[in-house]
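Participant: any chance you could fold what I've pasted below:
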Amino acid sequence: MFENDKNTIQKAQQGDQAVLEKLIKENSGLIWSIVKRFSGRGYELEDLYQIGCVGFIKSIKRFDTNFEVKLSTYTVPYILGEIKRYIRDDGTIKISRSIKELQVKIRQIQQEYRNKYKEEISIEKIAKKLKIAKEDIAIALEASKPIESIDGVYQSEKGEKGIGLIEKISTGENEEDTITNRLALKEAIDGLAPKDKQIILLRFYKEKTQTEVAKILGVSQVQISRTERKILSKMKLLLSDVG
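Facilitator: The predicted structure is shown next:
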């Protein structure tokens with residue numbers, strides 16, 4: 001069973017503000033690591049940190065101290081969900097006017113170059129044409145990209161690529177709020193027992209069949225199938241209780 005300071009968590013759940021602030025401070029590194037994934041998207045990181053803290057507090061209130069899972073693993077989807085909900089409710093991801101104007105110029109240069117040379121122009125060449133730093137070009141291009149989604153491909157027993165791991169553990173409800181991105185999934189996998197983690201990595205990232213995994217681990221395919229179902233159910237419970 002994973003070690004959690006049950007007394008501290010329970011005190012925070014009972015309204016002890018000092019203890020809650022202590023937990024936030026102890027987990028500030030985790031919150032910041034999530035917040036930084038949204039850098040360059042037009043939001044002040046300090047503001048997103050405060051939003052992330054709201055998600056962290058929600059996770060504390062809902063955390064069951066009997067869970068066989070680390071608090072940090074449980075809280076990640078809440079932090080991510082709160083930040084993404086804030087961005088969603090705010091309309092669209094904010095991009096400054098200067099970046100928008102730069103994006104227009106970049107697209108024009110890209111199109112002209114593509115039409116003339118039948119290939120994509122490099123960031124270095126765009127920067128030279130516009131006489132600005134290539135880092136500024138990269139920021140403008142990055143700001144136009146969608147937020148990274150969870151990946152991981154599931155392969156069927158017949159060797160066919162099928163649904164992703166995220167679909168295997170999703171509930172079908174409020175997907176954006178409950179299973180928010182790759183970091184949440186990574187944290188959940190990191191919280192698994194070593195053997196369970198190995199099964200998930202072999203199945204969904206190395207794309208091994210259950211039979212292949214069984215041979216690697218020296219057990220039967222039936223055992224792998226049964227264990228896999230239990231692991232996915234556990235992960236679904238962990239990642240779906242967010243909102």
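Participant: helices or strands next to the helix or strand where residue 99 lies in the packing?
Facilitator: Using DSSP states H and E, residue 99 maps to helix 97-117. Helices and strands touching helix 97-117, by 3 or more Cβ pairs under 8 Å, 6 or more residues apart in numbering; DSSP states H and E, are helix 123-130, helix 134-143. For every residue, glycine as well, the C-beta is placed using N, CA and C.
Participant: how about the CA coordinates for it, as PDB?
Facilitator: In PDB, the C-alpha atoms belonging to helix 97-117 read as follows (Å, rounded to 0.1, in the frame of the first residue of the first chain):
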ATOM      1  CA  ARG A  97      -2.400  40.700 -30.700                       C
ATOM      2  CA  SER A  98       1.300  40.900 -31.500                       C
ATOM      3  CA  ILE A  99       1.500  37.100 -31.800                       C
ATOM      4  CA  LYS A 100      -1.600  36.900 -33.900                       C
ATOM      5  CA  GLU A 101      -0.200  39.500 -36.300                       C
ATOM      6  CA  LEU A 102       3.100  37.600 -36.400                       C
ATOM      7  CA  GLN A 103       1.200  34.400 -37.100                       C
ATOM      8  CA  VAL A 104      -0.500  36.000 -40.200                       C
ATOM      9  CA  LYS A 105       2.900  37.100 -41.500                       C
ATOM     10  CA  ILE A 106       4.400  33.600 -40.900                       C
ATOM     11  CA  ARG A 107       1.500  31.900 -42.700                       C
ATOM     12  CA  GLN A 108       1.900  34.200 -45.700                       C
ATOM     13  CA  ILE A 109       5.600  33.500 -45.900                       C
ATOM     14  CA  GLN A 110       5.000  29.800 -45.500                       C
ATOM     15  CA  GLN A 111       2.300  29.800 -48.300                       C
ATOM     16  CA  GLU A 112       4.500  31.800 -50.700                       C
ATOM     17  CA  TYR A 113       7.500  29.600 -50.100                       C
ATOM     18  CA  ARG A 114       5.400  26.400 -50.400                       C
ATOM     19  CA  ASN A 115       3.900  27.600 -53.700                       C
ATOM     20  CA  LYS A 116       7.400  28.500 -55.100                       C
ATOM     21  CA  TYR A 117       9.500  25.700 -53.900                       C
END
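Participant: mean pLDDT added to the helices and strands packed on helix 97-117, as CSV?
Facilitator: Below are the helices and strands packed on helix 97-117 laid out as CSV (pLDDT from 0 to 100):
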stretch, mean pLDDT
helix 123-130, 88
helix 134-143, 72
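Participant: could you identify which of those is most buried?
Facilitator: helix 134-143 (a mean of 17; mean count of other Cβ atoms under 10 Å).
Participant: and it, how far out from the chain middle?
Facilitator: 22 Å (Cα atoms, centre = their mean, to the nearest Å).
Participant: stretch 44-62 too?
Facilitator: Centroid separation for stretch 44-62 versus its chain: 15 Å, with Cα atoms, centre = their mean.
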